[in-house]
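S.K.: Sequence first, then the predicted structure:
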Amino acid sequence: MPQTLASLITSFILTFLLTPLVIGFFKKKNIMDKPGGRKIHSGDTPSMGGIAIFLGVIIALLIWMPLPGLQRFKFFYGAMGIMFIVGLRDDLVPVRPTVKLAAQLLSSCMVIFLMDIKLNSLYGMFTIEELPYLISFFLSLFTLIVITNSYNLIDGLDGLASSIGIIAFFFFGIYFFLVGQTYYSMVCFAFIGALIAFLNFNWEPSRIFMGDTGALLIGFALAVVSIKFIDYNHYLPEETPFKLTSSVAVAISVIIIPLFDTLRVFISRAMKKKSPFSPDKTHLHHILMRLGFSHSGTTLIMIATNIAIICVALALDFLGDNILVPLIIGLCILLSLMLDEILRANIRRKKKAISKSFRRD
């Protein structure tokens, strides 16, 4: 525990001290994220806060993680470095989607082959246990890329991505500590410290964004610890005090905001015969802001929703994945439909108000 706390405190201090330097440097060089289009910020803002997060996390882990841990995690650090570099390059000069995908494939293959971080089965879902190696590989690769990009897509609102990251890493960090996976716990708490420090500058009104520099890095790290959680928990002995029954459902609930938002947006665009990757303002945070909520208000609503879904998953963990996964997805669909209906009702009220105003004139 002392080393875990030390990694959190060290990453917090380093990120807190480095972030103003990053802000000052990019302002001086006039390398800013300008408003316009689908962007909802109102002023020129630096967008490479991931530099401070990356340095805070890596330095903290290099200082406090014991040598066996550094040896074991060296490929993970290398993979994170690749994600950091491609994200930084994309923030400076946009890169082709194929380049970003190639970097994600390389990083994912590194942790799958060199660290054995993969989904080895369906963990009882659909009564399927062990998977053939090739299917296990492609399923793991797909999961890593989906989670990485889902997290990247929610980085469009002051404080949202940072807050969701803190919640997810806190859950996984506590779990890994309780089951004796100290090295993974240290990684999670290093990210928590860095994200809490960064949130001081990223909360409304945001002085800096994490950009792809941070979002790809954090999304990838979350994908890795999510897969590790699912696989490690499933194979724990039944008598282990902190073993959960529904590994998959609980993991989904922890990262439900980016996962469901991405799925919802892709389906919505497909129904409109648009490319799933075409930019628009149909994300959940866009809808909440159209209802009149501020950046901070929207972020707080989504944080509360995330925590509530995690609590539901933990309370109903005994149901097992075959029941709990559809239940969580159904709950999210219901909440999404309610939100859409509230937005439509709000639009109808505004149209009626405008119509009445014209009649009076």
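M.R.: Yep, it's here. Numbering: from 1, shown residues only.
S.K.: quick check: longest helix of the protein.
M.R.: Longest helix of the chain, by residue count under DSSP state H: helix 321-360.
S.K.: other SSEs contacting that helix?
M.R.: Applying 3 or more Cβ pairs under 8 Å, 6 or more residues apart in numbering; DSSP states H and E, we find helix 321-360 packed against helix 247-254, helix 256-271, helix 284-290, helix 295-315. Using the backbone N, CA and C atoms, a C-beta is placed for each residue, glycine as well.
S.K.: for these, which one sits closest to V325?
M.R.: Nearest to V325 among those is helix 247-254 (4.7 Å), distances taken as Cβ to Cβ.
S.K.: who's in contact with the closest one?
M.R.: 123, 125, 167-168, 171-172, 226, 229-231, 233-234, 244, 259, 309-310, 312-314, 317, 321, 324-325, 327-328 (Cβ atoms under 8 Å, 6 or more residues apart in numbering).
S.K.: and those residues, which are buried?
M.R.: Using 16 or more other Cβ atoms under 10 Å as the burial test, the contacts of helix 247-254 include 123, 125, 167-168, 171-172, 226, 229-231, 233-234, 244, 259, 309-310, 312-313, 317, 321, 324-325, 327-328 as buried.
S.K.: In the protein, where is pLDDT below threshold?
M.R.: The chain contains residues with pLDDT under 70 at 1, 34-43, 275-280, 353-361.
S.K.: Just give the nearest non-adjacent residue to the residue minimising distance to the centre of it, would you?
M.R.: Centroid-nearest residue in the chain, with Cα atoms, centre = their mean: Y151, separated by 3.6 Å. Leaving aside its chain neighbours, Y151 sits nearest to G219 (3.1 Å; criterion: Cβ to Cβ, 6 or more residues apart in numbering).
S.K.: The one you found and S150 touch, don't they?
M.R.: Yes: the criterion here is Cβ atoms under 8 Å, and G219 meets it with S150 at 7.0 Å.
S.K.: one step back: which element is encountered next along the chain beyond whichever strand or helix holds the residue nearest to the centre of the chain?
M.R.: Under the criterion of DSSP states H and E, Y151 resides in helix 133-153. Remark: after helix 133-153, the chain's next helix or strand is helix 160-178, criterion DSSP H and E.
S.K.: Also compute the angle for that following helix relative to helix 133-153, please.
M.R.: 130 degrees (axes from the mean of the first three to the mean of the last three Cα atoms, to 10 degrees).
S.K.: Please list the residues outside helix 160-178 that contact it.
M.R.: In contact with helix 160-178 (Cβ under 8 Å, 6+ apart) are residues 1, 4, 151, 154-155, 182, 184-185, 188-189, 191-192, 195-196, 198-199, 202, 210, 214-215, 218, 222, 225-226, 229, 233, 241-242, 254-255, 257-258, 285, 298-299, 302-303, 306-307, 310.
S.K.: any idea which helix or strand comes after it?
M.R.: Next along from helix 160-178, by DSSP H and E: helix 182-202.
S.K.: Would you tell me what the next helix or strand after that following helix is?
M.R.: Taking DSSP H and E as the definition, the helix or strand right after helix 182-202 is helix 211-234.
S.K.: Give me the neighbour count for E204.
M.R.: 14 (other Cβ atoms under 10 Å).
S.K.: and it, what is it in contact with?
M.R.: By Cβ under 8 Å, 6+ apart, the neighbours of E204 are 158-159, 294-296, 299.
S.K.: mind redoing it with 7 Å?
M.R.: 158-159, 294-296 (Cβ atoms under 7 Å, 6 or more residues apart in numbering).
S.K.: The residue lying closest to G50 once chain neighbours are set aside and E129: what is the separation?
M.R.: Take G50 and drop its neighbours on the chain: the residue closest to it by Cβ to Cβ, 6+ apart is G214, 2.6 Å away. As judged by Cβ to Cβ, to the nearest Å, G214 and E129 stand 37 Å apart.
S.K.: Over to F198?
M.R.: 41 Å.
S.K.: now swap in L141 and tell me
M.R.: 20 Å.
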